[in-house]
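Enquirer: build me a model from this:
(2 chains)
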Amino acid sequence: MSACLDIANLSAVLPNGQRVLRSVSLAVQPGEVRALVGESGAGKTMIGKAVLGVLPSSVRIVEGDMLLEGEDLGKLQPKARRALVGARTALIPQDPLTALNPSRRIGPQMTDRLVRILGWSGEKADTRIRQLLDEVQIRDPERVLKCYPHELSGGMRQRVLIAAAFAAEPRLIVADEPTTALDVTVQKQILRLIAALQREHGTAILFVTHDLGVVAKISQKVSVLYAGKVVEEADTAALFAAPQHPYTRALMAATPRYTDPFASLRPVDEAVLAGLAAEIAAADLAWRRPHG
Amino acid sequence: MDRASRRGLSPRLWLAGGWLLLALLAAIFAPLVAPQDPLAQDLMLERLPPFWLDGAEPGYWLGTDSLGRDLLSRLIFGGRIAFIVAFAAAIAACLVGSTLGLIAGYFGGWADRIISRIVDIWMAFPPVLFAILLVAVLGTGLSSVILAIAIIDWTRFCRVIRAEAMGQSRMDYVENARIAGYGRIGIMLREVLPNVVPSIVALLSLEMGIAVIVEAILSFVNLSISTDDPTWGGIIAEGRLSIHQAWWVLVFPLITLILTVLSFGQFGEALKARFDPVLR
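Expert: Numbering: from 1, shown residues only, chains lettered A, B, ... in the order given. The predicted model follows:
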């Protein structure tokens, strides 16, 4: 069976030549949750944006391929690519406060996409949306559908966005830190909800997060990123049982433990980072050598 | 409770709207409501004071000017030109400016650079001198005045709407629409435009007030419509000449002008506050 998403040797640069992704390779099998974990600026969100075709205009992909269900996204015309990505993927965004159009009611906003992009009838879209709102445990769909986004809480909005993401039955969902902007108590519910819908619908998820606790709860596979480079890739259980790369171990050691709320936060071990920096610098030089 | 009543009836909306409605109705039905013929001169009745002063004549509520013409009637008829110019010029400026601003703000890049440079150059001209120059070139008359105001003031819409569209375009909901596969123009019109409409409405109302001022300035320097029809600026210009003998000829049109301009601005702001779905 071909992978749902197959990224090979993806590299991207900023206009000043700084590399934001360094030969990233990863595959997401159908129905699998793949976590991308790393610190801020490690490039996890960039990978998601690259797949969805919404990279900032300053970021340029210099090499690599992205295959979505066997279709090479790099070889498609922009219009065909948009249609393919629009039909087969969806995003659960980081900030539910800005991810809904403030001037439109929830109902039309959710059905619009199904009707316009997938060509469903209004009735079918409406039924579908109600079904999904039920699945994300929104108890009064009638009221919610008539609300403007600002009339809902952050958690409710995230539920609406999750429902919208699953509504069109995409093969792949990119979840970009979907719990970061939420209250801690709400985070857990939202996470459980995503996991439940993922199992129910069999959707593959590329789950971007900086939280190793979330990784352990939701994913089957995990890629650890540092400075745009995948430093370790493993089954989640194996990774937590026996992390191979020094950076992964350092990251785990730096994770706060809730058993002792008064312990001071520990930064990632600097010696490990220095080693990584040297490794990456060497790799950059090796990449340049044929040109020099 | 429905949304409107929950926000309460804002007094400024009703005060400003009330004055504008009153002035507009008076202007539309000027021949019916004006107590006198605004052009009828009567040297026996020159410089009559307003009704509460000694020597006032009944029927001439705000007094008369140096040619014995009724001031209130002239103000009412002057409102016709003021409102025509306000609506036509503001809508024209709004259409041009908002369209270009939306394009610049949403598309960014080259479109933005070109449009923004044009706006920068445009705004380097002193607006009133620019208006006088334009009318001098286009010739006097109602349509030239409207055109001149639109040509000068579209930049006001362009700048504000560009900034708003730019802010909206960075929101995640726009990115979400792109992922869903909507076209760029579709996103601009369906997702971004509705979110800048409250600002457009507020600005449109404000611009109507500004158009009233510019028209008055042009009338003041005798470059507006060149007929005998009374205009507020024209009355102010005449009043200036007889300020020591008949202050009311200057003061009443000024008050009318200020109230109208203020009302346009306040009305727009109040509308925006009331109809923007996001409470700001």
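
Enquirer: what count of nearby residues applies to the closest residue to chain A within the stretch 101-250 of chain B?
Expert: Going by Cβ to the nearest Cβ, chain A is nearest to residue B:181 of the stretch 101-250 of chain B, at 2.5 Å. Just so you know, the C-beta spots here come from the backbone N, C-alpha and C atoms, and that holds for glycine as well. Burial of residue B:181 is recorded as 21 neighbouring residues (other Cβ atoms under 10 Å in any protein chain shown).

Enquirer: distance of the residue lying closest to it once chain neighbours are set aside relative to residue B:186?
Expert: Spatial nearest neighbour of residue B:181, excluding adjacent residues (Cβ to Cβ, 6 or more residues apart in numbering or on different chains): residue A:86 at 2.5 Å. Taking Cβ to Cβ, to the nearest Å as the measure, residue A:86 falls 12 Å from residue B:186.

Enquirer: quick revisit: thought the residue of the stretch 101-250 of chain B closest to chain A was touching residue A:79?
Expert: No - under the criterion of Cβ atoms under 8 Å, residue B:181 makes no contact with residue A:79, lying 9.1 Å away.

Enquirer: that older thread, looking at residue A:86 and residue B:186, which is more packed in?
Expert: Set residue A:86 next to residue B:186 and count neighbours by other Cβ under 10 Å: residue A:86 wins out with 23 against 12.

Enquirer: tell me which element that one is part of?
Expert: Per DSSP states H and E, residue A:86 falls inside helix A:78-88.

Enquirer: same question, residue A:230
Expert: strand A:229-235.

Enquirer: partner strands of that strand and their direction?
Expert: Using DSSP bridges, the strands paired with strand A:229-235 are strand A:221-226 (antiparallel).

Enquirer: hmm, back to that, next one, pLDDT for the residue nearest to residue B:181 please.
Expert: pLDDT for residue A:86: 90.

Enquirer: what pLDDT does the residue of the stretch 101-250 of chain B closest to chain A get?
Expert: pLDDT recorded at residue B:181 is 86.

Enquirer: how many residues are close by residue 223?
Expert: The chain I'm using is chain A. Other residues near residue A:223 come to 25 when the count uses other Cβ under 10 Å.

Enquirer: was after chain B, sorry
Expert: Neighbours around residue B:223, by other Cβ under 10 Å: 21.

Enquirer: the residue lying closest to it once chain neighbours are set aside: what's it in contact with?
Expert: In space, residue B:223 comes closest to residue B:135 once its chain neighbours are excluded; the distance is 4.7 Å by Cβ to Cβ, 6+ apart. By Cβ atoms under 8 Å, 6 or more residues apart in numbering or on different chains, residue B:135 lies in contact with B:144-145, B:148, B:218, B:223-224.

Enquirer: would you turn those residues into TSV with secondary structure and pLDDT?
Expert: As requested, the contacts of residue B:135 are exported to TSV (DSSP: H, G, I helix; E, B strand; the rest coil; pLDDT from 0 to 100):
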residue	secondary structure	pLDDT
B:144	helix	89
B:145	helix	89
B:148	helix	91
B:218	helix	87
B:223	coil	79
B:224	coil	74
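
Enquirer: now distance to residue A:208 too, for the residues you listed, in JSON lines please.
Expert: As requested, the contacts of residue B:135 are exported to JSON lines (distance: Cβ to Cβ, whole Å):
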{"residue": "B:144", "distance to residue A:208": "60"}
{"residue": "B:145", "distance to residue A:208": "58"}
{"residue": "B:148", "distance to residue A:208": "55"}
{"residue": "B:218", "distance to residue A:208": "60"}
{"residue": "B:223", "distance to residue A:208": "63"}
{"residue": "B:224", "distance to residue A:208": "62"}
